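Novice: Just to be clear, the model below is a prediction. Sequence and coordinates:
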Amino acid sequence: MNKELARMANQPLKVLLISGNENHKWHNWEENTPLIQEALQSDNDIEVTVSLDIEVLAGDLDGFDVLAFNYCNWHDPTELSEQAKANVIGFAEQGKGIVILHFANGAFNFSLPEAGASDWPEYRRIVPRVWNHHGESAHDEYGTFTVRMLDESHPITQSIATFDIQDELYFKQEGDVDIHPLYAAVSNLTKQEEPLAWTSGYRNSRVYQTLLGHDRHAYAVPEVRETLRRAVRWVARKL
């Protein structure tokens, strides 16, 4: 290994965590963001930079290994700039990682209230399963449910036991991108086991999406924190 590769190998894994927006506070992103940051940085090899400005994506992303979205442009019709869109696509072309958390799967969608020019079809290729407000996407009443591992051999879920969580159980999320489900729970409404996290690919990037994470109760669960740390490492090809 040459000196430059050795230097890079010893650098912390750098995550850009984007949270918001101001009109969507009932998804508790203000409370969740420091908890997500703390959960990730409890691994000394992970360093998290937080931004509440989605247009941070229009800047220089070369210093980051992973983009993590804890953001939805609720009641914001502003179109993501062309530079930001190009940078996200370029980030994926480089084979860097993408993580989608909970309600971020509803961002840049034509079905959002006052969506206006904000709809970005490419986002629905990046995010394999999205919330469609004009469709059947919904969730159980907020409460406690049991999460079961579907793939006990995947690096993200290996040795993770079944756990209980207080959260929103999403179902009927839309998309046709191939996914590899990791864990699931039975919905009280559909009476079916609904997948709640999966991996996929976008261009050269690895993608991890979880539907868990409504509030602080979710991020207090050790298994959620551990799978999130592993997911960040996995999408960055460090696991």
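Specialist: Arrived safely.
Novice: Quick check: Thr227 touching Gln158?
Specialist: No. Contact criterion C-beta atoms under 8 Å: Thr227 and Gln158 do not qualify, at 10.1 Å. C-beta coordinates here come from the backbone N, C-alpha and C atoms, glycine included.
Novice: between these two, which one's more packed in?
Specialist: Comparing Thr227 with Gln158 by other C-beta atoms under 10 Å, the one with more neighbours is Thr227, at 25 against 12.
Novice: Tell me the spacing between the more buried one and Gln166.
Specialist: Applying C-beta to C-beta, to the nearest Å, the value for Thr227 to Gln166 is 16 Å.
Novice: same thing with Gly143?
Specialist: 7 Å.
Novice: what about these two, which has more around it?
Specialist: When neighbours are counted by other C-beta under 10 Å, Gly143 and Gln166 differ, and Gln166 comes out ahead with 15 against 11.
Novice: For the helix or strand hosting the more buried one, buried residues please.
Specialist: Using DSSP states H and E, Gln166 falls within strand 163-167. Neighbour-count burial for strand 163-167 flags Phe163, Ile165, Asp167 (criterion: 16 or more other C-beta atoms under 10 Å).
Novice: try stretch 118-136
Specialist: Buried positions in stretch 118-136, judged by neighbour count with 16+ other C-beta under 10 Å: 118-120, 123-132.
Novice: chain center to it, what's the gap?
Specialist: The chain centre lies 13 Å from the centre of stretch 118-136; the measure is C-alpha atoms, centre = their mean, to the nearest Å.
Novice: Same check on stretch 171-183?
Specialist: On C-alpha atoms, centre = their mean, the centre of stretch 171-183 falls 13 Å from the chain's centre.
Novice: end-to-end on it?
Specialist: 13 Å (C-alpha to C-alpha, to the nearest Å).
Novice: residues making contact with that stretch?
Specialist: Stretch 171-183 has contacts (C-beta atoms under 8 Å, 6 or more residues apart in numbering) with 105, 124-125, 127-132, 135-140, 147-151, 154, 156-157, 160, 187, 189-190, 192, 194-202, 209, 211, 227.
Novice: if you look at those residues, which of them are in helices?
Specialist: Taking DSSP state H, the ones among the contacts of stretch 171-183 that sit in helices are Arg124, Arg125, Thr227.
Novice: Relative to Glu31, which of those is nearest.
Specialist: Thr227 (19.9 Å; C-beta to C-beta).
Novice: ok, and the closest non-adjacent residue to that closest one?
Specialist: Nearest non-adjacent residue to Thr227, counting by C-beta to C-beta, 6 or more residues apart in numbering: Ile156, 5.5 Å away.
Novice: Which residue comes closest to Thr162 once chain neighbours are left out?
Specialist: Nearest non-adjacent residue to Thr162, counting by C-beta to C-beta, 6+ apart: Arg148, 5.1 Å away.
Novice: cool, Arg230 as well?
Specialist: Leaving out its chain neighbours, the residue that sits closest to Arg230 by C-beta to C-beta, 6+ apart is Ile156, at 4.6 Å.
Novice: Trp131 now?
Specialist: Spatial nearest neighbour of Trp131, excluding adjacent residues (C-beta to C-beta, 6+ apart): Gly106 at 3.8 Å.
Novice: which residues touch the one you found?
Specialist: Cys72, Leu112, Val130, Trp131, His133.
Novice: out of those residues, who's nearest Leu101?
Specialist: Nearest to Leu101 among the contacts of Gly106, counting by C-beta to C-beta, is Cys72 at 10.3 Å.
Novice: so where is this protein shaky, pLDDT-wise?
Specialist: Scanning the chain with the threshold set as pLDDT under 70 gives 1-9, 24-26.
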